[in-house]
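Student: got a predicted model here, sequence first, then my questions.
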Amino acid sequence: MHLPPLDIFSCSESTSLYSTVTSTLPLPTASATSRSAATSTLTAIQNLIQDVIQSSNSNSQPTERLEGQFHHVQLAKLANGDALMLKYPSSFSIRSLRHEVQSLETEYRTLLTLQEYTQLPVPEIVDYDSTGYSFGSPFLLTAHRPGIRLSEALPYISATEKKSIDRVLGYTICALASLSSSQFGPITQVFERSGSASWREAFLTLFESALRDAEDMLITLPYEFLRRCIDQHIHSLDYITEPKLVALDICNPEKVLVDENTKQVTCLLGLSNVIWGDPLMNDAIANGNDDFRQGYQSLFPEQEGDHVRQSIYAVYRAVVQIVTHHYRPHSGIDELDARRSMAHALNELAL
């Protein structure tokens with residue numbers, strides 16, 4: 001299915017759901033100012049929800065804060081039993097990588113696209129405001145889908161249930177890759193008609209942005225060697241002539257929700273890092289097992305240059321992980337593991 005940029009939408013986002021915080025709001029006890037600010041935030045959230053829902057059932061209970069690395073995520077339970085998820089930017093003191101700057105809008109546009117053109121289990125949009133006028137900050141409000149993180153459920157999942165989940169995730173990549181556009185690059189740029197004409201150009205822009213993020217933090221990396229190595233193999237990207245929708249984090253176990261009883265996938269949350277490009281960019285394809293590949297390769301069999309492109313993308317992902325670790329040291333990323341992955345991918349390209 002071919003999607004023309006912009007024409008899909010009539011109107012105008014880095015973190016998914018993590019573990020639940022036991023307090024209803026972050027209320028530091030050491031500061032009366034902090035308590036006052038938290039109370040003000042709670043009031044603002046309740047007012048926002050009442051304005052959006054405009055219903056007698058909209059009276060919300062105290063909101064529950066869910067952990068997020070790049071955005072605040074609040075769970076608001078309504079009087080009628082429904083629940084809403086509110087996502088808005090964290091403190092401006094948290095530095096963002098270049099590809100994260102528009103992550104809230106990325107998630108919004110991706111959700112619109114998937115809800116219109118697929119049957120994938122994603123959150124339903126309730127409201128979105130990119131200006132911050134009504135709330136004091138840009139926000140995305142979605143309906144809450146029940147479930148537990150796949151990463152939490154894995155110890156209790158049978159082999160049969162795991163096979164089923166892997167196949168579903170493989171089919172998910174297929175469903176995304178069945179959508180195409182006329183330009184390459186981040187979804188926000190493409191829908192503004194400012195994407196790239198070639199995948200080579202779009203990927204080099206992404207890669208250079210990651211390297212510049214690293215240079216900004218004075219991170220020790222072999223910058224010129226990385227640039228030279230990618231440049232030597234960049235011609236392999238010219239095999240990709242049609243932009244496909246790629247959600248880079250959609251198979252991350254932290255961002256996949258499953259039913260606690262049936263262990264079936266109930267929601268996909270990794271939608272804030274999305275591009276139009278090569279589906280092989282998703283590391284789940286490189287690291288997926290036979291069941292995952294059964295779902296993916298049913299529509300997209302292997303083709304020439306796959307191995308080289310996967311190594312190029314592995315270098316990119318490793319650089320992004322290293323940079324993210326330095327920007328946000330508590331993100332749970334193992335820098336040494338990322339550096340080993342980068343070295344392995346570079347060795348593969350040298351063969």
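Tutor: Right, received. Where do you want to start?

Student: show the contacting residues for the closest residue to V168 other than its chain neighbours.
Tutor: Nearest residue to V168, sequence neighbours excluded (CB to CB, 6 or more residues apart in numbering): V265, at 5.1 Å. Bear in mind the C-beta positions are built from the backbone N, C-alpha and C, glycine included. By CB atoms under 8 Å, 6 or more residues apart in numbering, the residues touching V265 are 121, 150, 165, 168-169, 256-258.

Student: tell me which of these is nearest to L75?
Tutor: L75 has its nearest neighbour among those in L257, at 13.0 Å by CB to CB.

Student: a strand runs through that closest one, doesn't it?
Tutor: Yes: checked against DSSP: H, G, I helix; E, B strand; the rest coil, L257 lies within a strand.

Student: quick one, what contacts it?
Tutor: The contact partners of L257, taken as CB under 8 Å, 6+ apart, are 17, 145-150, 265-269.

Student: among these, which ones are in strands?
Tutor: 148-149, 265-268 (DSSP state E).

Student: a markdown table please, covering these and showing pLDDT and distance to S196.
Tutor: Output for these, formatted as a markdown table (pLDDT from 0 to 100; distance: CB to CB, whole Å):
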| residue | pLDDT | distance to S196 |
| --- | --- | --- |
| I148 | 94 | 39 |
| R149 | 94 | 34 |
| V265 | 96 | 32 |
| T266 | 96 | 35 |
| C267 | 96 | 31 |
| L268 | 96 | 26 |
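
Student: nearest to R293 among those?
Tutor: For the ones in strands among the contacts of L257, the nearest to R293 is V265 (17.4 Å; CB to CB).

Student: how far away is the residue nearest to V168 from I165?
Tutor: 6 Å (CB to CB, to the nearest Å).

Student: between those two, which contacts overlap?
Tutor: What both V265 and I165 touch, as defined by CB under 8 Å, 6+ apart, is the set 150, 256, 258.

Student: quick one, which of those are buried?
Tutor: 150, 256, 258 (16 or more other CB atoms under 10 Å).

Student: my read is that the first one contacts D166, right?
Tutor: No: counting by CB atoms under 8 Å, L150 sits too far from D166 to count as a contact (10.5 Å).

Student: quick one, helices of this structure?
Tutor: 32-53, 103-117, 150-153, 159-177, 187-190, 199-216, 223-233, 283-287, 290-296, 306-327, 335-350 (DSSP state H).

Student: can you tell which of those helices is closest to A247?
Tutor: Closest among those, using CB to CB: helix 159-177, at 5.9 Å.

Student: how far does the closest one sit from its chain's centre?
Tutor: Put simply, helix 159-177 sits 18 Å off its chain's centre (CA atoms, centre = their mean, to the nearest Å).
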